[in-house]
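Trainee: With the sequence up front, the predicted model follows.
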Amino acid sequence: MPKITFLQRSNLSEDQWHSMFIAQLRGLAALVVAAAHLRAQVYPGFGTVQNPSLAFQGLAFATGFAYLAVIVFFVLSGWLVGGSLLNRLDTHRAIANYAIDRATRLWIVLIPTFGAMLLFGLATAVLDPTSLSLAPDNAYSAAAFFGNLVGLQNILVPEFGGNFPLWSLANETWYYVLFPLLAMLFRTRSALHGALILMALAAIVHLLDSAILLYFSIWLLGAAFSRVRIECGAYLRWALFLALVATAVGIRMKGKNNITVDSFVQYLLFSVIFVLFLSSMQYKRQRTRSIELASRVGRFFSEFSFTLYVLHVPLMAVFLHFGVPALGNGRLDPNRPMHLLVYLLLYLGLVVGAYLFHIPFEAKTYRVREWLKTIWFARGRPARA
């Protein structure tokens, strides 16, 4: 029988099996999303293709997990971000450190990406500098720029520059805000503080739509199960893994292909199995050569997964704009093997481009974060004689 243990601290140690899987899934999820959007851009819809080749059927199936990949991001964000905050909630300046960590995580990628999008827009003539305005409904306006930095896309402003994957960052941003508010609400002993927190929560609930609030429960599921370890045998672990794969395939084939209130139940089922599997893998992994190689590969792709997620659509637009003469009408033929090679080259360009872009920005997240903390917290220190 499995043994369930409730941990005093979330287990974020990198030498555990579940940590290796988390790194691999973060990278894989971003790769799947980029592959899906590229296929949708350069190939016709699968349902419109008569007698599709076996290769195109395989490509269409493999790239059809984009929405599940976003759900994976939500669960892992809750596990890592929520679990990390729970671990240090009693430490000095916990909320201040948390706020700096979250802001740097988002902005060190978003700000340079938005800057690159402005340059891409000018280079491809999509953006006319004379047509820019301050209107919130202008995708290139200052309101859209700053609104997307604080999670207001599709709430008060459009996604900046039409970069549609940014919709999920509105969810993430508000989950980053809601979780510490809930944690402080349950821990405060001051009636005044409790009232202020409740007022803030009420204002946020009024601002957000029902889908964002509903999927917060999936984020919370990840945070809660970061404190749960399931000790069991290999048979149960394999059963959970196979159930996870079967549920993902079932949703891919028969489920609703969107993230809305109507599709919540299928993603909740997937998320429950997912966190049960992760909790069952909370034990130290072996250090064989093949396992260490798999760990390094997963860590490599996870380190620029956020950059790939937010940059691949504008990068794709640039590639297609300058590659249209070579592609003819900019569309690929699903039954021509050479066109599949073109797709793979474009995809490789997206991944390599995101990796190179992350080096001066996302790769410096921890350095920038520590510098900001040093500057910010030094303001409150008494000057030395």
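Mentor: It's in. Residues are numbered from 1 along each chain as shown.
Trainee: wouldn't Ala143 be in contact with Val157 here?
Mentor: Yes - in this structure Ala143 lies within contact range of Val157 using Cβ atoms under 8 Å: 5.4 Å. Backbone N, C-alpha and C define where each C-beta goes, glycine included.
Trainee: Mind listing the shared neighbours of those two?
Mentor: Any residue near both Ala143 and Val157 by Cβ atoms under 8 Å, 6 or more residues apart in numbering counts here, and that gives Pro136.
Trainee: So those two - more neighbours on which side?
Mentor: When neighbours are counted by other Cβ atoms under 10 Å, Val157 comes out ahead of the other of Ala143 and Val157, with 23 against 18.
Trainee: Might one say that the more buried one is in contact with Ala144?
Mentor: Yes - counting by Cβ under 8 Å, Val157 touches Ala144, with 4.6 Å between them.
Trainee: which neighbours do the two share?
Mentor: Contact criterion Cβ under 8 Å, 6+ apart; residues bridging Val157 and Ala144 by contacting each: Pro136.
Trainee: In contact with the spatially most central residue of the chain, which residues?
Mentor: Within the chain, one residue has its C-alpha closest to the average C-alpha position: by Cα atoms, centre = their mean, that is Phe73, at 4.4 Å. Listed by Cβ under 8 Å, 6+ apart, the contact set of Phe73 reads Arg26, Ala29, Ser168, Glu172.
Trainee: Next one: it from Ser10, what distance?
Mentor: Here the distance between Phe73 and Ser10 works out to 18 Å (Cβ to Cβ, to the nearest Å).
Trainee: Okay, buried residues for the helix or strand where Ile108 lies please.
Mentor: With secondary structure defined by DSSP states H and E, Ile108 is part of helix 94-123. For helix 94-123, burial by neighbour count (16 or more other Cβ atoms under 10 Å) applies to 94, 97-98, 100-110, 112-114, 116-118, 120-121.
Trainee: Beyond the least confident helix or strand in the chain by mean pLDDT, next helix or strand please.
Mentor: Least confident element among the helices and strands of the chain, by mean pLDDT, DSSP states H and E: helix 305-327 (a mean of 87). Next in sequence after helix 305-327, counting helices and strands by DSSP H and E, comes helix 337-358.
Trainee: how big is the angle separating that following helix from helix 305-327?
Mentor: Inter-element angle recorded for helix 337-358 and helix 305-327: 140 degrees (by axes from the mean of the first three to the mean of the last three Cα atoms, to 10 degrees).
Trainee: And helix 337-358, what does it pack against?
Mentor: For helix 337-358, the helices and strands in contact under the criterion 3 or more Cβ pairs under 8 Å, 6 or more residues apart in numbering; DSSP states H and E are helix 17-42, helix 54-62, helix 94-123, helix 305-327.
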